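Trainee: when you get a sec, could you give me coordinates for this:
(2 chains)
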2 protein chains.
Amino acid sequence: MSQTSEHPAVQILKQASDQLDAFFNSLLGRCAGAPMTLLRSIHYSLSAGGKRLRPALVLESFRACDGSPQRLASAQAAAAAIELIHTFSLVHDDLPAMDDDDLRRGRPTNHKMFGEAVAILAGDAMTTMAFEVIASDADPALIPILVRELAAASGPLGMIGGQVLDIEGENKCLLLVELRELHRRKTGALLTCAARMGAIAAGAPADTLQQITDYGGHLGLAFQIIDDILDETSTPEQLGKATQKDRHAGKNTYPTLLGLDESRHQASLELDQAVACLAPLGARAESLRQIARFVVEREV
Amino acid sequence: MSQTSEHPAVQILKQASDQLDAFFNSLLGRCAGAPMTLLRSIHYSLSAGGKRLRPALVLESFRACDGSPQRLASAQAAAAAIELIHTFSLVHDDLPAMDDDDLRRGRPTNHKMFGEAVAILAGDAMTTMAFEVIASDADPALIPILVRELAAASGPLGMIGGQVLDIEGENKCLLLVELRELHRRKTGALLTCAARMGAIAAGAPADTLQQITDYGGHLGLAFQIIDDILDETSTPEQLGKATQKDRHAGKNTYPTLLGLDESRHQASLELDQAVACLAPLGARAESLRQIARFVVEREV
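Mentor: Now for the predicted structure:
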């Protein structure tokens, strides 16, 4: 924990997190008049913290692409929207019919606090709110592409499709190439989308957008490999959620397929490639490099 | 059934339904590469038919507002999007943690066919697809407002908020004014949104949009009152889903609060008001009048 808290990326993530907390409070204010149970359930999961990695990626990718102050509102809307989508996916993922988790970020899961029905509806509501935030707060010229990016990364070909692959892969022995594809969708799509939306909000040219996209792809894979490793090697107290769950659920992970050492090596290779993608962006992309290192070096 | 099948609105609804079926097939084609289980689950619920009332409202409202052929693609995208949102809400509503229904539109519910986890994810995916359709197919100038309309009507202040009120109202005796508010959100918001999106796609002026909005509000209330009545008076064979469920679930309905006769009278009053709102649109709005009459006279 102490090593992680001193990581240079921690300040970057904290900045994004503070901005986001303020934004979410104003967002819930816009929902005045909605049933309080629903708003409390949404607020419960949005305010549970977490690393806030995806919004930080949006904002730092925006900065690395020299986004102008006039365009910042679009990046901030995208940052809030992607955290809403990520949080909805955690709430639904924790449901008894899915991973059946009681603990998330060190607290009872949403359905443990509010019941399954409200948790399902809170997740649904966060999805609609994500698209509403973009359509309300982003530059009108950017709204079509930002909505398309977020919807595609979340939908059948992205995160939600990856979750189905994850369920279907339980108790089957996947090939590494299949596991990689599963991870690319389940986790990678949204992380890549975060980096892309920041670049799009900044108005980055096509070659820069491609570099950012490639960075996001390698980062996403590194993230999921480390997630798999931490699930094996950490205690519930360290992670704030149940651990060794993958193994018990018969899920395919990098450690089960490759062992811990080779998994760490693979994560490190992905990190190197992520950082290499940023070379053309020079010093502007230092925060994105720090985030990538944090993703691999983190202990939670 | 025979009376319903001869209703003049049946042809209007069938036209919308045929257009939609073709659209949904091409939409699922765009998802090629997504897990087949997920696509089958989505297709299962989208192809189950239903009245297709909401897309018909979009298209007929567009026509009543003299929408030009150049703008038709926007109305068609909105029609598909709103049926995706409606269908997702049915799939989630039927889950064991919600209304726990085994039968929908005369067939096993989605989770009975595909399991709860896939049903939850299919509902989630239909939400993202709804916003993606608008952002991909509508006129770029209309995308921000159409996304905002759909998100607001679906979210905490609209349909999803109404579903929470519905759950919270179980086994409590609501005042009529509370029940009206519940219905306005749970069913009315999306029906009103359908009518509004058609008018917006057509580029209707503000006064026409207001007339269409008022029409949608009365239509939505009439629809839900009749739904409540049919739940009381029909057999599962007639409705294609379980009946007398509201009473057993301790839900507040118009018949339990007012009795069947007074409920029918209230529905008829709402119909009159819906039709009256269309007076300034003259003969152009005849299909919208037929739809309103169908909503009150239907037997399924």
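Trainee: any stretches of chain A with poor pLDDT?
Mentor: Within chain A, the segments meeting pLDDT under 70 span A:1-5.
Trainee: cutoff 90 now
Mentor: Confidence mapping of chain A against pLDDT under 90 gives the ranges A:1-8, A:48-50, A:105-106, A:170-173, A:231-232, A:234-252, A:298-300.
Trainee: longest helix of it?
Mentor: In chain A, with assignment by DSSP state H, the single longest helix is helix A:206-233.
Trainee: and that one, what does it pack onto?
Mentor: For helix A:206-233, the elements it packs on are helix A:53-64, helix A:176-183, helix A:189-202, helix A:245-248, helix A:254-258, helix A:260-277, helix A:286-297, judged by 3 or more C-beta pairs under 8 Å, 6 or more residues apart in numbering or on different chains; DSSP states H and E. For glycine as for every other residue, the C-beta is placed from the backbone atoms N, C-alpha and C.
Trainee: what's the angle from the second one to helix A:260-277?
Mentor: Put plainly, it is helix A:176-183. Interaxial angle of helix A:176-183 relative to helix A:260-277 (axes from the mean of the first three to the mean of the last three C-alpha atoms, to 10 degrees): 60 degrees.
Trainee: got a list of contacts for helix A:176-183?
Mentor: Outside helix A:176-183, the residues that touch it by C-beta atoms under 8 Å, 6 or more residues apart in numbering or on different chains are A:162, A:165-166, A:169, A:174, A:220-221, A:224-225, A:252-254, A:257-258.
Trainee: any chance of CSV for those residues, columns neighbour count?
Mentor: Converted to CSV, those look like this (neighbours: other C-beta atoms under 10 Å in any protein chain shown):
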residue, neighbour count
A:162, 26
A:165, 22
A:166, 24
A:169, 16
A:174, 18
A:220, 27
A:221, 25
A:224, 25
A:225, 29
A:252, 22
A:253, 20
A:254, 26
A:257, 17
A:258, 17
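Trainee: near chain B, which residues of the stretch 1-150 of chain A?
Mentor: A:31, A:33-35, A:37-39, A:42, A:88-89, A:92, A:95-98, A:115-118, A:120-121, A:123-125, A:127-129, A:131-132, A:134-136, A:140, A:143-145, A:147-148, A:150 (C-beta under 8 Å from any C-beta of the partner chain).
Trainee: let's see 6 Å
Mentor: A:31, A:33-35, A:37-38, A:92, A:97-98, A:116-117, A:120-121, A:124-125, A:127-129, A:131-132, A:135-136, A:140, A:143-144, A:147-148 (C-beta under 6 Å from any C-beta of the partner chain).
Trainee: buried subset of those residues?
Mentor: A:31, A:34-35, A:37-38, A:92, A:97-98, A:116-117, A:120-121, A:124-125, A:127-129, A:131-132, A:135-136, A:143-144, A:147-148 (16 or more other C-beta atoms under 10 Å in any protein chain shown).
Trainee: of these, which belong to helices?
Mentor: A:37-38, A:92, A:116-117, A:120-121, A:124-125, A:127-129, A:131-132, A:135-136, A:143-144, A:147-148.
Trainee: which residue is nearest the centroid of chain A?
Mentor: residue A:54 (4.5 Å; C-alpha atoms, centre = their mean).
Trainee: ok, it - contacts?
Mentor: Shown in contact with residue A:54 (C-beta atoms under 6 Å, 6 or more residues apart in numbering or on different chains): A:82, A:83, A:86, A:194.
Trainee: residues in contact with residue A:73?
Mentor: residue A:137.
Trainee: swap the cut-off to 10 Å and go again
Mentor: Going by C-beta atoms under 10 Å, 6 or more residues apart in numbering or on different chains, residue A:73 touches A:137, A:138, A:139, A:142, A:201.
Trainee: the fourth one reaches residue A:78, doesn't it?
Mentor: Yes. At 8.6 Å, residue A:142 and residue A:78 qualify as touching, with contact defined as C-beta atoms under 10 Å.
Trainee: which neighbours do these two share?
Mentor: Joint contacts of residue A:142 and residue A:78 (C-beta under 10 Å, 6+ apart) are A:134, A:149, A:197, A:200, A:201.
Trainee: which pair of those spans the longest distance?
Mentor: A:134 and A:200 (11.2 Å; C-beta to C-beta).
Trainee: and these two? which has more neighbours close in?
Mentor: residue A:134 (32 against 26; other C-beta atoms under 10 Å in any protein chain shown).
Trainee: who are the contact partners of that one?
Mentor: By C-beta under 10 Å, 6+ apart, residue A:134 lies in contact with A:74, A:77-78, A:80-82, A:84, A:142-147, A:149-151, A:197, B:131, B:135, B:144, B:147-148, B:151.
Trainee: please repeat the previous calculation with a cut-off of 8 Å.
Mentor: Per C-beta under 8 Å, 6+ apart, neighbours of residue A:134: A:77, A:78, A:81, A:143, A:146, A:147, A:150, B:147.
Trainee: ok, now residue A:104?
Mentor: A:45, A:48, A:90, A:94, A:110, A:240, A:241.
Trainee: and if you look at residue A:95?
Mentor: A:111, A:116, A:119, A:120, B:97, B:120.
Trainee: can you tell me the SS state at it?
Mentor: coil (DSSP: H, G, I helix; E, B strand; the rest coil).
Trainee: ok so, going back, and which of the contacts of residue A:134 is nearest residue A:9?
Mentor: residue A:78 (19.8 Å).
Trainee: pretty sure that closest one is touching residue A:147, no?
Mentor: No. Using C-beta atoms under 8 Å, residue A:78 is not in contact with residue A:147; the gap is 10.0 Å.
Trainee: the longest helix of chain A to helix A:176-183, inter-axis angle?
Mentor: Using the same axes, to 10 degrees: helix A:206-233 against helix A:176-183 is 100 degrees.
Trainee: residues of the stretch 151-300 of chain A that sit close to chain B?
Mentor: A:151-152, A:154-157, A:160-161, A:163-165, A:167-168.
Trainee: again, 10 Å this time
Mentor: For the stretch 151-300 of chain A, the contact set with chain B under C-beta under 10 Å from any C-beta of the partner chain comprises A:151-168, A:182, A:185.
Trainee: from those, list the buried ones, please.
Mentor: A:151-168, A:182, A:185.
Trainee: tell me which residues in the longest helix of chain A are buried?
Mentor: Buried-residue list, helix A:206-233, by 16+ other C-beta under 10 Å: A:208-209, A:211-212, A:214-232.
Trainee: swap in stretch A:66-85?
Mentor: So for stretch A:66-85, counting by 16+ other C-beta under 10 Å, buried means A:67, A:71, A:74-85.
Trainee: fine, thanks again, bye for now.
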